[in-house]
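Participant: let me see the structure of the following:
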Amino acid sequence: MSRWRPPSPKSSPYITREGYVRLEQEIKELWRRRIGVVQALSAAAAEGDRSENAEYIYRKKQLREMDQRIGYLQKRMPKLRVISNPPPDQRHVFFGAWVTVEDESGQELCYRIVGTDELDPTKGHISVDSPMACALLKHAPDDEVRLLTPEGEVCFFITEVHYAEEIGK
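Facilitator: Have a look, this model is predicted:
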């Protein structure tokens, strides 16, 4: 018996131009690699007994994972709305903004607000649907932003907002 869970909330359909291009490249690369996997799977299947054929089992799993990702991208990409121009009011935080904040201890953090499909914490890219991004949206430099975390309320001060593609541009 499984446990019923409510469906997860739908993620925002927004994506930056660079993120959309990366998804297009990913789906092309998956289709290109899929050809080789299908050929290797055919060769493994031709060897005979498939129940103990590790190569066959591995290639079936690999093909299934690739097909799932391709299917997801083919379903998701038409729904995405590419946001390539900065907003008219570039003083406030909106989608695509680089936001520099200072926490209560004086440490500066820099985030870029992007779509859920291009999330990358190592680059400072946070989802527009994340609690941090929701707290920052529509604020301007020198605003105080409060964020409720499991450890308690955290206060941030926005020090800079810009819309260049990369930090330092």
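Participant: mind jotting down where the helices sit in the chain?
Facilitator: 17-45, 54-76, 131-136 (DSSP state H).
Participant: buried deepest among those, which one?
Facilitator: Each of the helices of the chain was assessed for mean neighbour count using mean count of other CB atoms under 10 Å. The highest is helix 131-136, with a mean of 18. The way it works is simple: take the backbone N, C-alpha and C, and place the C-beta from them, glycine included.
Participant: what's that one in contact with?
Facilitator: If you take CB atoms under 8 Å, 6 or more residues apart in numbering as the criterion, helix 131-136 is touched by 93, 99, 101, 111, 113, 126-128, 145-149, 156, 158.
Participant: tell me the domain ranges of the protein?
Facilitator: 14-81, 85-162 (automatic domain parsing).
Participant: compute the first-to-last residue distance for the first one.
Facilitator: So that's domain 14-81. One end of domain 14-81 sits 5 Å from the other (CA to CA, to the nearest Å).
Participant: check the offset of it from the chain's centre.
Facilitator: Domain 14-81 has its average C-alpha position 19 Å from the chain's average C-alpha position, going by CA atoms, centre = their mean, to the nearest Å.
Participant: what's the average pLDDT for that domain?
Facilitator: For domain 14-81, the mean per-residue pLDDT is 94.
Participant: Met77 versus Asn53, what's the distance?
Facilitator: Distance of Asn53 to Met77, given as CB to CB, to the nearest Å: 35 Å.
Participant: closest one to Ser2 among the domains of the chain?
Facilitator: domain 14-81 (20.0 Å; CB to CB).
Participant: make TSV from the domains of the chain and add distance to Arg3 to it.
Facilitator: TSV is the format used below for the domains of the chain (distance: least, CB to CB, whole Å):
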stretch	distance to Arg3
domain 14-81	23
domain 85-162	23
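Participant: can you tell me which of the ones you listed is nearest to Pro6?
Facilitator: In terms of CB to CB, the element of the domains of the chain nearest to Pro6 is domain 85-162, at 16.5 Å.
Participant: just the CA atoms of the lengthiest strand in the chain, as PDB, please.
Facilitator: Longest strand in the chain by number of residues (criterion: DSSP state E): strand 152-162. Below are the C-alpha coordinates for strand 152-162, written out as PDB (Å, rounded to 0.1, in the frame of the first residue of the first chain):
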ATOM      1  CA  GLY A 152      14.400  31.000  12.900                       C
ATOM      2  CA  GLU A 153      14.000  34.300  11.200                       C
ATOM      3  CA  VAL A 154      17.000  35.600   9.200                       C
ATOM      4  CA  CYS A 155      17.500  39.200   8.200                       C
ATOM      5  CA  PHE A 156      19.200  40.300   4.900                       C
ATOM      6  CA  PHE A 157      20.000  43.700   3.600                       C
ATOM      7  CA  ILE A 158      20.000  44.200  -0.200                       C
ATOM      8  CA  THR A 159      23.200  46.000  -1.200                       C
ATOM      9  CA  GLU A 160      23.100  45.700  -5.000                       C
ATOM     10  CA  VAL A 161      20.800  44.700  -7.800                       C
ATOM     11  CA  HIS A 162      21.900  44.400 -11.500                       C
END
